[in-house]
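Q: coordinates only, sequence not included:
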């Protein structure tokens, strides 16, 4: 079960401008391409009676959701040498060493594991 502190961190990342902007861009490109493939004849001819508006909307919503999930999963990994996107308590997956990082702080290596550090949310 997900801890409430982790849920808050995930939500903060999901609504961050960088994640939203990336998801919107991908959704616009992929959604438009897929809509043209799937319903292109009706869209080009402006035959709205033949369009499935549910499919039209979902074709944008699915890439948005996938991109949001992927970007959030990548940002919550807290890789060494990158900036923390949120304030969090981290624990080394290998040795259990714990640190606290602030938003925009450079994520350091674990003193015991060095460059092989893999952080997770505490």
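A: That came through fine. None of the values given here were measured: they were computed from a predicted structure.

Q: what mean pLDDT would you report for the helix ranked longest in the chain?
A: Longest among the helix segments of the chain by residue count, using DSSP state H, is helix 17-44. Computed over helix 17-44, the mean pLDDT rounds to 91.

Q: number the residues from 21 up from this point.
A: From this message on, residue numbering opens at 21, which makes the last subject helix 37-64.

Q: from the chain's centre, how far out does it sit?
A: 17 Å (C-alpha atoms, centre = their mean, to the nearest Å).

Q: now swap in stretch 101-118 and tell me
A: Offset of stretch 101-118 from its chain centre (C-alpha atoms, centre = their mean): 18 Å.

Q: quickly note the distance from residue 67 to residue 74.
A: Distance of residue 67 to residue 74, computed by C-beta to C-beta, to the nearest Å: 16 Å. In this view, the C-beta of every residue, glycine as well, is placed from N, C-alpha and C.

Q: more crowded one of the two?
A: residue 67 (11 against 8; other C-beta atoms under 10 Å).

Q: ignoring the adjacent residues along the chain, who's closest to the more buried one?
A: Once flanking residues are discounted, residue 67 sits nearest to residue 61: 7.7 Å by C-beta to C-beta, 6 or more residues apart in numbering.

Q: can you count the residues close to that neighbour?
A: 10.

Q: next: residue 97.
A: A count of neighbours around residue 97, defined by other C-beta under 10 Å, yields 12.

Q: quick check: closest non-adjacent residue to it.
A: residue 139 is the one closest to residue 97 (C-beta to C-beta, 6+ apart), at 7.4 Å.

Q: quick one: the helices in this protein?
A: Ranges of helices in the chain, per DSSP H, are 24-34, 37-64, 73-95.

Q: of all those, which lies closest to residue 112?
A: Comparing these by their distance to residue 112 (C-beta to C-beta), the top pick is helix 24-34, with 16.8 Å.

Q: so the closest one versus helix 37-64, what angle?
A: If you take axes from the mean of the first three to the mean of the last three C-alpha atoms, to 10 degrees, helix 24-34 sits at 60 degrees to helix 37-64.

Q: average pLDDT across helix 24-34?
A: The pLDDT scores in helix 24-34 average 88.

Q: who are the packing partners of it?
A: helix 73-95, strand 139-141 (3 or more C-beta pairs under 8 Å, 6 or more residues apart in numbering; DSSP states H and E).
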